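Peer 1: 3D, please:
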Amino acid sequence: MQTLLINIKELLQVRTTPVDKVSGADMAVLPSIKNAFLLIENDSIAAFGPMEDCPKINADKIIDATGKIVLPSWCDSHTHIVYAGNREQEFVDRINGLSYEEIANRGGGILNSAKKLNETPEEEIYNQSKKRLEEVIQQGTGAVEIKSGYGLTVEGELKMLRVIKKLAADYPIAIKATFLGAHAFPLEYKENHAAYIDIIINEMLPKIAEENLADYIDAFLETGYFSVEESERIMEAGKQYGLRSKIHVNQFTAINGIATCVKHNALSVDHLEIVTDEDIEALKGSDTMPVALPSCSYFISIPYTPARKMLNAGLPLALATDFNPGTTPSGNMNFVVATACIKMKMTPEEAINAATINGAYAMGLSETHGSITVGKKANLIMTKPLNSFYEIPYAFGSNLIETVLLNGILIA
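Peer 2: Numbering: from 1, shown residues only. Next comes the predicted model:
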């Protein structure tokens, strides 16, 4: 099966020599070809280049992309798409002046979602979650990481991870599963953290490994949640089962969590609304990808990740949605890219790099996703006719996507 896209106004993120991530000043460079073609064979990119080099072939399908931008699908490396119900009342509580901590202290927040999830049948959780997944596919996401963490019981966590596994089997989007049993302490373990961590390590992890339900392990390393030492126990335990860590850290406070994550070779450190000079030094030269979640900052009115400071220091940066019921009820990566430009002062080139190639890196998909490279999956966004790709973040409230392709197939 061959599909040929012709007359592409501009083909973005073209990497003839594969790269796994881009950092610092290189993030301002977004390689592209104007008036381009792209050839898909089966599920992969077979060739691309300027129109004058377009092969004369009888492709099964020819798509005329005159006036349109084509780029790799968004790679969203941090989501909590699988959950039950919502937390709309907490949204109103925040408007009325309650803080994130105050809502959590009165039984809201993560524990509220855990209660709903444990009361909801697995099939119903799947049916709710698949609607969210279908929505983000339509919005241009072609690879997504999904976390557990609203179970906080052995059966609840396994239920979430089984739903993630079923979504991965049923949909053409690439899905990575992350075990986040260390999301919060259940009320009965609020004064006995060690006992709950023992359950994570001795009960949850062996069963997850037995059913092959997770790719990564996560913890909410934050004041009032999991301490540095407690998170280290989680990371070490994950390694015993081949689960590399992707850690929530520095959302509200800086407590030396980033240096600890780098020490344990975490694949990513996510949130980073608070970043110190020491954190930046710890990240320099590491294999750990910093991940910013700007729509979380937007929704709960907390600081934005200091992107300029980090890029000026030579670091890479990825962007993700943090799609979850409490602090970011949106999986729209187009809004994330726009918000990074508007509020974090990233250029469109930097933001698109962060949301494609660096997002792929942050979930271990650099070899197959995130750029226009021969042999990579044909996961593509084709826009409506645009003046330039700068319109993608500029027209932040408009749906500029005309067509989405996953594995070379047009998604209706």
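
Peer 1: what's the model's confidence in stretch 284-303, averaged?
Peer 2: The average pLDDT within stretch 284-303 is 96.

Peer 1: ok, now stretch 172-183?
Peer 2: 98.

Peer 1: again, but for stretch 237-255
Peer 2: pLDDT averaged over stretch 237-255 gives 96.

Peer 1: So which bits of it are buried?
Peer 2: Using 16 or more other CB atoms under 10 Å as the test for burial, stretch 237-255 gives 237-238, 243-252, 254-255. C-betas here are computed from N, CA, C, even on glycine.

Peer 1: and Ala219, what element?
Peer 2: Element membership of Ala219 [criterion: DSSP states H and E] is strand 216-221.

Peer 1: can you put the buried residues of stretch 237-255 in TSV and add distance to Gly85 and secondary structure?
Peer 2: Compiled in TSV, the buried residues of stretch 237-255 are given as follows (distance: CB to CB, whole Å; DSSP: H, G, I helix; E, B strand; the rest coil):
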residue	distance to Gly85	secondary structure
Ala237	30	helix
Gly238	29	helix
Leu243	28	coil
Arg244	31	strand
Ser245	29	strand
Lys246	25	strand
Ile247	26	strand
His248	22	strand
Val249	27	strand
Asn250	29	coil
Gln251	23	coil
Phe252	25	coil
Ala254	33	coil
Ile255	32	coil
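
Peer 1: and Pro50, how many neighbours does it have?
Peer 2: By other CB atoms under 10 Å, the residues close to Pro50 number 13.

Peer 1: wait, isn't it in contact with Leu38?
Peer 2: No: counting by CB atoms under 8 Å, Leu38 is not a contact partner of Pro50; they are 11.1 Å apart.

Peer 1: Compute the inter-axis angle for the strand holding Ala219 and strand 244-249.
Peer 2: With axes from the mean of the first three to the mean of the last three CA atoms, to 10 degrees applied, the angle from strand 216-221 to strand 244-249 works out at 20 degrees.

Peer 1: Show residues contacting strand 216-221.
Peer 2: 145, 147, 149, 176-180, 182-184, 226-228, 230-231, 234-235, 237-238, 241, 243-249, 255, 257, 260-261, 267, 363-364 (CB atoms under 8 Å, 6 or more residues apart in numbering).

Peer 1: just checking, which of these belong to strands?
Peer 2: 145, 147, 176-180, 182, 244-249 (DSSP state E).

Peer 1: which of those residues lies closest to Ala104?
Peer 2: Lowest distance from Ala104 to the ones in strands among the contacts of strand 216-221 (CB to CB) belongs to His248, with 14.2 Å.

Peer 1: low-scoring pLDDT stretches of the stretch 101-250 of the chain, where are they?
Peer 2: The stretch 101-250 of the chain contains no residues with pLDDT under 70.

Peer 1: how near is the residue lying closest to Asn7 once chain neighbours are set aside to Ile392?
Peer 2: Nearest non-adjacent residue to Asn7, counting by CB to CB, 6 or more residues apart in numbering: Thr66, 4.4 Å away. According to CB to CB, to the nearest Å, Thr66 stands 18 Å off from Ile392.

Peer 1: the more surrounded of these two?
Peer 2: Ile392 (26 against 10).

Peer 1: Phi and psi next, for that one.
Peer 2: The phi/psi pair for Ile392 (degrees, to the nearest 10) reads phi -60, psi -50.

Peer 1: what's the distance between it and Thr3?
Peer 2: Taking CB to CB, one finds Ile392 at 23 Å from Thr3.

Peer 1: cool, Leu410 as well?
Peer 2: 8 Å.

Peer 1: which one of those two has more residues nearby?
Peer 2: Comparing Leu410 with Thr3 by neighbour count (other CB under 10 Å), the higher total belongs to Thr3, at 21 against 13.

Peer 1: what's across from the more buried one in the sheet?
Peer 2: Residues in a beta bridge with Thr3, per DSSP bridges, are Ile40, Lys61.

Peer 1: Equivalent analysis for Thr328, please.
Peer 2: Asn324.
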